[in-house]
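Peer 1: 3D model of this:
(one chain, ligands or ions: 1)
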Amino acid sequence: MIEVRHPLTACAPGTTRELVALHYGPGGGAKAYLQAALHADEPPGLLLAWHLRRLLGELEAAGRLRGEIVLVPMANPIGHAQRLLGRGIGRFELASGENFNRLYANLAAAAYARLDCTPGKPLPPLAEVRAALRAACEELPAAGELASLRRILLGLAIDADHVLDLHCDNDAVMHIYTTPELWPQVEPLARLLGAELALVAGDSGGDPFDESCSLAWSRLNALHVAAGGSGSWPQACVAVTVELRGEIDVEHALAAADAQAIVGYLATQGYVDAAMPELPPLKRAPRPFAGSMPVYAPHGGVVAYRCAVGSELRAGDPIADVVDPLSGALSTLTAPVDGLLYAREIGRVVHAGQRVAKVAGEQARRSGPLLSA
Ligand SMILES: [Zn+2]
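Peer 2: Okay, the predicted model is just below:
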């Protein structure tokens with residue numbers, strides 16, 4: 001294993017932070033990139049990364065790695081240092097209010113400009129395209145600390161064949177986000193992790209990290225068509241966001257099983273010299289991200305849930321009561337569609353208009369940006 005430390009732009013004199021990347025296996029061929037806790041207050045990925053580094057270290061020592069696996073165990077040193085009134089603030093940068101998993105660059109135009117795509121000539125091979133993407137990433141401005149973090153993370157991942165961004169939800173079942181085109185290649189991961197749900201969207205809006213990596217290829221192909229070119233590149237980066245259940249689901253047994261599942265997936269993709277794992281059945285066919293319906297509190301109060309995450313609901317089934325102890329009001333929140341209650345708010349005191357739960361239906365119903373703030 002090679003440990004590489006990437007210094008961030010210092011936000012003030014006398015302050016320095018760095019991002020640590022662990023590189024396992026031989027470089028120069030297939031590359032998988034795994035990062036944990038880009039939202040720094042999402043701890044399941046941190047424990048999973050600890051288990052992964054042990055497994056990967058053992059496999060490397062045994063000479064069983066066939067491709068490069070880059071593990072970033074703590075992807076957000078800025079967020080990990082943020083505390084406010086004794087509590088960690090890891091989803092948004094306090095200085096700017098920006099979400100740490102949004103605003104990742106679209107590198108396609110800058111990369112395409114570096115490639116010789118003259119009509120009649122063969123398309124540049126994948127290695128050249130990846131080099132162009134890396135070069136485009138290196139040119140991103142990084143005047144500030146957060147910009148430099150985004151550039152470092154994207155630079156580590158943009159030329160990878162596989163990208164796993166490890167997050168968690170508030171209180172949730174295991175679920176995965178990816179694109180419809182990539183789903184066939186993601187399905188073994190969903191099965192090995194025992195994911196209850198996969199939500200797919202072509203472009204969910206907001207430019208999250210995984211889509212900056214995966215959509216680079218469809219964006220390059222779109223630019224090539226627009227330029228009158230023929231042929232196309234394959235979808236050469238399988239990128240997913242894995243939601244490792246809820247934020248308090250931090251247990252060795254879960255993390256050890258998840259680590260085994262991810263190593264098993266890497267084996268199916270040729271990174272590990274190991275027997276192919278047996279794939280458990282898929283729990284559900286993927287559902288459109290645009291069919292994930294939020295449920296909001298109509299007024300402030302305390303929440304009493306009436307069903308657990310993982311419940312299959314019919315439209316109108318009760319999910320929770322929001323109770324106002326001052327007025328005596330009680331509002332029962334119900335499922336807006338038939339679907340899976342896959343995530344709930346973990347706090348039990350809510351404000352009017354706050355999202356309390358998410359139900360994934362089978363039909364796309366929403367349009368516009370799909371990601372929350
Ligand atoms: Zn997250």
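Peer 1: what is the rounded mean pLDDT of stretch 303-313?
Peer 2: Averaging pLDDT along stretch 303-313 gives 98.
Peer 1: Give the buried residues for it.
Peer 2: 303, 305, 307, 309, 311, 313 (16 or more other C-beta atoms under 10 Å). C-beta coordinates here come from the backbone N, C-alpha and C atoms, glycine included.
Peer 1: With only the CA atoms kept, save that stretch in CSV.
Peer 2: Provided in CSV are the C-alpha atoms of stretch 303-313 (Å, rounded to 0.1, in the frame of the first residue of the first chain):
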residue,chain,number,x,y,z
VAL,A,303,-42.7,13.1,15.6
ALA,A,304,-44.0,9.7,16.6
TYR,A,305,-43.4,7.1,13.8
ARG,A,306,-46.0,4.5,13.1
CYS,A,307,-43.8,2.3,10.9
ALA,A,308,-40.2,1.4,10.5
VAL,A,309,-37.8,2.0,7.6
GLY,A,310,-38.1,-0.8,5.1
SER,A,311,-41.9,-0.9,5.3
GLU,A,312,-43.8,-1.4,2.0
LEU,A,313,-46.7,1.0,2.1
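Peer 1: quick one: contacts of that stretch?
Peer 2: Stretch 303-313 has contacts (C-beta atoms under 8 Å, 6 or more residues apart in numbering) with 171-173, 196, 246, 297, 317-323, 332, 335, 338-345, 347-350, 356, 359.
Peer 1: which one of the buried residues of stretch 303-313 is nearest residue 59?
Peer 2: residue 309 (33.2 Å; C-beta to C-beta).
Peer 1: Then that closest one would be within a strand, right?
Peer 2: No - secondary structure of residue 309 (DSSP: H, G, I helix; E, B strand; the rest coil): coil, not part of a strand.
Peer 1: Look up phi and psi at it.
Peer 2: phi -60, psi 140 (degrees, to the nearest 10).
Peer 1: same thing with the one 3 residues further on?
Peer 2: For residue 312, the backbone dihedrals (degrees, to the nearest 10) come out as phi -90, psi 120.
Peer 1: and the residue in the stretch 101-250 of the chain that the ion sits nearest to, how many neighbours?
Peer 2: Residue nearest to the ion within the stretch 101-250 of the chain (C-beta to the ion): residue 167, separated by 3.3 Å. Neighbour count of residue 167, defined by other C-beta atoms under 10 Å: 25.
Peer 1: For it, give its distance to residue 87.
Peer 2: 19 Å (C-beta to C-beta, to the nearest Å).
Peer 1: repeat for residue 355
Peer 2: 20 Å.
Peer 1: Isn't residue 96 up against residue 145?
Peer 2: No - in terms of C-beta atoms under 8 Å, residue 96 does not count as a neighbour of residue 145; the distance is 9.8 Å.
Peer 1: who's more crowded, the two?
Peer 2: Just comparing residue 96 and residue 145: by other C-beta under 10 Å the higher neighbour count belongs to residue 145, 21 against 12.
Peer 1: Spatially nearest residue to the more buried one (excluding sequence neighbours)?
Peer 2: Nearest residue to residue 145 in three dimensions, chain neighbours excluded: residue 11, at 4.2 Å (C-beta to C-beta, 6 or more residues apart in numbering).
Peer 1: Which pLDDT does the model give that neighbour?
Peer 2: Confidence score, pLDDT, at residue 11: 93.
Peer 1: now swap in the one 5 residues further on and tell me
Peer 2: pLDDT recorded at residue 16 is 93.
Peer 1: residues in contact with the closest residue to it other than its chain neighbours?
Peer 2: Setting aside the residues directly before and after it, residue 16 is nearest to residue 10 in space (C-beta to C-beta, 6+ apart), at 5.2 Å. By C-beta under 8 Å, 6+ apart, the residues touching residue 10 are 16-17, 145.
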